[in-house]
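1. Fold the following.
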Amino acid sequence: MSIAPGLGKAVIEPHEYKVEVPCERFILVFTEYPIRVAKRLMVNVESVSLHAPTLDSIKGIYEGVEVCITRLYFGAPVSVIALELLIAAGAKNFIVVGMAGSLHPRLRIGDILIPTWGRNIYEGSLGWFKFF
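-> The predicted structure follows:
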């Protein structure tokens, strides 16, 4: 596998990445709680190892559908690296379960928010990179 970051070059060449994921469907989480809940709701649960920067990962069956749940490290850069490696290894569908604070006064703990749009506000590590 060649890793050649740089302008106009792929970081990961999927056809050269000879690793397969145990599931096509992933739920990506950032805390242990969703994994504990999933272990109670799924059948045939087993721990799995992924070739990506992740913490805990399990595979199981929920209502007849095989799904993997993996806990990512906090931070956009490492989360994106994990996501790209999972995609290169064959993962097809993703749901991200995250946390957000102070988005709106009417949102309460436990509310489910499904975004319908996004905006890049150039926060985090993006500001450290110079684009040519």
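2. what mean pLDDT does the helix or strand hosting residue 69 have?
-> With secondary structure defined by DSSP states H and E, residue 69 is part of strand 65-72. Averaging pLDDT along strand 65-72 yields 96.
3. next SSE after that strand?
-> helix 76-88.
4. Can you list the helices and strands that that following helix packs against?
-> Other helices and strands packing on helix 76-88, by 3 or more Cβ pairs under 8 Å, 6 or more residues apart in numbering; DSSP states H and E, are strand 25-29, strand 65-72. Where C-beta positions appear, they are placed from N, C-alpha and C, glycine not excepted.
5. tell me the angle the last one makes with helix 76-88.
-> Using axes from the mean of the first three to the mean of the last three Cα atoms, to 10 degrees, the interaxial angle of strand 65-72 with respect to helix 76-88 works out to 150 degrees.
6. Now do strand 65-72: which elements does it pack against?
-> strand 25-29, helix 33-41, strand 54-62, helix 76-88.
7. Highest mean neighbour count out of those?
-> strand 25-29 (a mean of 21; mean count of other Cβ atoms under 10 Å).
8. List the neighbouring strands of that one plus their orientation.
-> Its sheet considered, strand 25-29 pairs with strand 65-72 (parallel), strand 93-97 (parallel) by DSSP bridges.
9. quick revisit: tell me the buried residues in the strand holding residue 69?
-> Residues 67-72 are the ones in strand 65-72 that count as buried (16 or more other Cβ atoms under 10 Å).
10. how much space between residue 65 and residue 42?
-> 10 Å (Cβ to Cβ, to the nearest Å).
11. ok, now which ones touch the nearest residue to residue 74 once chain neighbours are set aside?
-> Excluding its sequence neighbours, the residue lying closest to residue 74 (Cβ to Cβ, 6 or more residues apart in numbering) is residue 30, at 6.0 Å. By Cβ atoms under 8 Å, 6 or more residues apart in numbering, the contact set of residue 30 is 71-72, 74, 97-99.
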